[in-house]
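*Asks:* got a predicted structure plus its sequence, pasted below:
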Amino acid sequence: MNIIRQSKWCLVTLFLLTLSPLLSAAEPVSKSSFGGVAIDGHDSFAYHGAQTAAEHEALKGSKKYTVEYKGAKWRFASQENADAFAADPEKYLPAYNGHCANALSLGEGLIKTDGTHWEIFGDRLYLFYAPRGRNRWLDGNFETYKAEADQAWQQIVSN
């Protein structure tokens, strides 16, 4: 009888441990299924640099310079970039934790991005699944699209 009671408690404990990450789910991050690398390993600090902006090329980070934040591994091209991100991650974090801004604005939900299609609006980094979404935001009223994406994002993170 004591073994049965212990077995039940073990099952309950195992169930709660399995369920607890779902109950305390953090904001979703656009990351790989295996390895948990955010935005395909692109350096989210580097997007804000003058050279990256001029060339409009996303810079790949290195495993050597990794910062864990929001349950994902963010990679950087240098220790300096990693340190700057770690000091103020919200400043350099892409909007919607790297999910496609255009998809959110269209009500399509969370679409992962690989960090290659991007734009800075104001001082915030926005990522897109494909060039067509980025172009829509560049050619249209990005403030309206942003408001729509913000509303969709709030519904996702509040559930």
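*Replies:* Good, I have the coordinates.
*Asks:* which ones are touching the most centrally placed residue in the chain?
*Replies:* In the chain, the C-alpha closest to the average C-alpha coordinate belongs to Asn97, at a distance of 2.7 Å (CA atoms, centre = their mean). Applying CB atoms under 8 Å, 6 or more residues apart in numbering to Asn97 gives the contacts Glu27, Pro28, Val29, Ser30, Ala38, Lys70, Ala72. C-beta here means a position set from N, CA and C on the backbone, and glycine is covered the same way.
*Asks:* again, 10 Å this time
*Replies:* Taking CB atoms under 10 Å, 6 or more residues apart in numbering, we find Asn97 in contact with 26-31, 38-39, 69-72, 110, 127, 153, 157.
*Asks:* am I right that it is in a strand?
*Replies:* No. Counting by DSSP: H, G, I helix; E, B strand; the rest coil, Asn97 is not part of a strand but helix.
*Asks:* any of the contacts of Asn97 buried? List them.
*Replies:* Buried by 16 or more other CB atoms under 10 Å: Pro28, Val29, Ser30, Lys31, Ala38, Ile39, Tyr69, Lys70, Ala72, Leu110, Leu127, Trp153, out of these.
*Asks:* so where do the helices sit in the protein?
*Replies:* In the chain, the helices defined using DSSP state H lie at 2-23, 50-55, 79-87, 89-92, 101-105, 131-139, 142-158.
*Asks:* tell me where the model's unsure across the protein.
*Replies:* Scanning the chain for pLDDT under 70 picks out the ranges 1-25.
*Asks:* including distance to Glu57, could the buried ones among the contacts of Asn97 go into JSON lines?
*Replies:* Output for these, formatted as JSON lines (distance: CB to CB, whole Å):
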{"residue": "Pro28", "distance to Glu57": "26"}
{"residue": "Val29", "distance to Glu57": "23"}
{"residue": "Ser30", "distance to Glu57": "19"}
{"residue": "Lys31", "distance to Glu57": "21"}
{"residue": "Ala38", "distance to Glu57": "18"}
{"residue": "Ile39", "distance to Glu57": "14"}
{"residue": "Tyr69", "distance to Glu57": "24"}
{"residue": "Lys70", "distance to Glu57": "25"}
{"residue": "Ala72", "distance to Glu57": "22"}
{"residue": "Leu110", "distance to Glu57": "25"}
{"residue": "Leu127", "distance to Glu57": "14"}
{"residue": "Trp153", "distance to Glu57": "27"}
